[in-house]
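# here is my input; please provide its structure:
(3 chains)
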Amino acid sequence: MKRIEFYKNVYKLVHEIPMGRVSTYGAIAQMLGQPQCARMVGQAMHYASFFEDAPCHRVVNHQGRLVPHWGEQKELLLKEGITFKDNGCVDLKRHLWPESSILYILP
DNA sequence: TTCCTGACAGCAT
DNA sequence: CATGCTGCCAGGA
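Numbers count the residues shown, from 1 in each chain, chains lettered A, B, ... in the order given. As a prediction, this is how the structure comes out:
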């Protein structure tokens, strides 16, 4: 799979993240069959911010940590109803996507 | 081309 | 879950 195609697929998946949900770089990379290329997803997001064509604010790392040097992201997520923990990390237990199995675990 | 960096992840502690 | 170390891959100097 060429890099350009990889990026395109990344953007397509990012567009499919539902409102009020978040995803991780690794999850996206795995969905594309390239679990080793999580960093490339991050790079794709970096370029995406330049093109302004994808809701990259809904993509965080596997710990729920937000993007460094981008304070606006937290505000955008709060507007979508994303909840944060006291330490400032996204509550992945409640908003991670895709995570169908987690739904029936929630109260 | 080599070396360093980074919007990462997995595993150990 | 938080921290630290290692493995990864693609860019940039």
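# residue contacts, A:Glu60?
Not Glu; residue A:60 is Val. A:Val22, A:Ser23, A:Thr24, A:Leu66, A:Val67, A:Val90, A:Leu92 (CB atoms under 8 Å, 6 or more residues apart in numbering). In short, each C-beta sits where N, CA and C put it, glycine included.
# check contacts around the most centrally placed residue in chain A.
Taking CA atoms, centre = their mean, the centroid of chain A lies closest to A:Val59, which sits 1.7 Å from it. Shown in contact with A:Val59 (CB under 8 Å, 6+ apart): A:Val14, A:Ile17, A:Val22, A:Ser23, A:Thr24, A:Tyr25, A:Ile28, A:Val41, A:Met45.
# repeat that for A:Gly88.
A:Gly88 sits next to A:Leu66, A:Lys74 when contact means CB under 8 Å, 6+ apart.
# ditto for A:Cys89
Counted by CB under 8 Å, 6+ apart, A:Cys89 has contacts A:Gln63, A:Gly64, A:Arg65, A:Leu66.
# now do 6 Å
Neighbouring residues of A:Cys89 by CB atoms under 6 Å, 6 or more residues apart in numbering: A:Gly64, A:Arg65.
# and it, how far is that from DNA strand B?
Per CB to the nearest atom of the strand, to the nearest Å, A:Cys89 is found 12 Å from DNA strand B.
# thank you kindly, that will do.
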